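>>> Would you be able to build a 3D model of this:
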Amino acid sequence: MHADSPPESTHALDIDALRAPEITLWSAWIGGEVAGIAALRQIDASRGELKSFRTAEAHLGRGVARALLRRIITEAETLGLDSLWLETGSGDAFDPARSLYSSEGFVECEAFPPYRPDPLSTFMTRAV
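Sure, this is the predicted structure:
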């Protein structure tokens, strides 16, 4: 992400931030290798935010991100969340991510706190 976005438009979480109590992190494994990771940050009792979606280059196009996304949607249902939110890039490098999210029911929306409108960001949400 740092290669495709300037620092002020990069909202990736580092390892310490991923350890916060309101964040749950999942990993997908294929053949003994980490194929991808994804996290859910519980914003409040009714909303969650998708964070840190990554698929290892060797596993792109194998359904890793979709499987992780569906796992997080299931967890959101279990937690009784009403909606999921996300921020992703708006450049060409993020086309696959936006396409995945759209295919799973996410729609574009306005920036949500703590984000501000940014032409390099796309904000999306969906009901759970």
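
>>> Packing partners of the one helix or strand residue 77 maps to?
Following DSSP states H and E, one finds residue 77 within helix 64-79. Contact partners of helix 64-79 among helices and strands, from 3 or more Cβ pairs under 8 Å, 6 or more residues apart in numbering; DSSP states H and E: strand 23-30, strand 33-42, strand 47-55, strand 83-89, helix 95-103. Bear in mind the C-beta positions are built from the backbone N, C-alpha and C, glycine included.

>>> Quick check: which of the ones you listed is nearest to residue 119?
strand 83-89 (10.6 Å; Cβ to Cβ).

>>> count of neighbours near residue 68?
23 (other Cβ atoms under 10 Å).

>>> how about the nearest residue to it, chain neighbours excluded?
residue 38 (3.9 Å; Cβ to Cβ, 6 or more residues apart in numbering).

>>> Can you pull the poorly scored residue ranges out of the chain?
Across the chain, the ranges flagged by pLDDT under 70 are 1-14.

>>> make it 90
For the chain, the stretches with pLDDT under 90 are 1-22, 52-53, 91, 93, 114.

>>> picking up where we left off before, check which residues of the helix holding residue 77 are buried.
Buried residues in helix 64-79, counted by 16 or more other Cβ atoms under 10 Å: 64-65, 68-69, 72-73, 75-76.

>>> So what's the gap between it and the chain middle?
Its chain's C-alpha centre and that of helix 64-79 lie 10 Å apart, by Cα atoms, centre = their mean, to the nearest Å.

>>> how much does that helix deviate in direction from helix 95-103?
Orientation of helix 64-79 against helix 95-103 (axes from the mean of the first three to the mean of the last three Cα atoms, to 10 degrees) gives an angle of 40 degrees.

>>> Would you mind writing the CA trace of helix 64-79 as PDB?
Extracted C-alpha coordinates of helix 64-79, given in PDB (Å, rounded to 0.1, in the frame of the first residue of the first chain):
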ATOM      1  CA  VAL A  64      -8.100 -16.000  -0.300                       C
ATOM      2  CA  ALA A  65      -9.400 -12.500   0.200                       C
ATOM      3  CA  ARG A  66     -13.000 -13.600  -0.600                       C
ATOM      4  CA  ALA A  67     -12.800 -16.400   2.000                       C
ATOM      5  CA  LEU A  68     -11.400 -14.000   4.600                       C
ATOM      6  CA  LEU A  69     -14.100 -11.400   3.800                       C
ATOM      7  CA  ARG A  70     -16.900 -14.000   4.200                       C
ATOM      8  CA  ARG A  71     -15.400 -15.100   7.500                       C
ATOM      9  CA  ILE A  72     -15.500 -11.600   8.800                       C
ATOM     10  CA  ILE A  73     -19.000 -11.100   7.600                       C
ATOM     11  CA  THR A  74     -20.000 -14.200   9.500                       C
ATOM     12  CA  GLU A  75     -18.200 -13.000  12.600                       C
ATOM     13  CA  ALA A  76     -20.000  -9.600  12.300                       C
ATOM     14  CA  GLU A  77     -23.300 -11.500  12.200                       C
ATOM     15  CA  THR A  78     -22.300 -13.500  15.300                       C
ATOM     16  CA  LEU A  79     -21.400 -10.300  17.100                       C
END
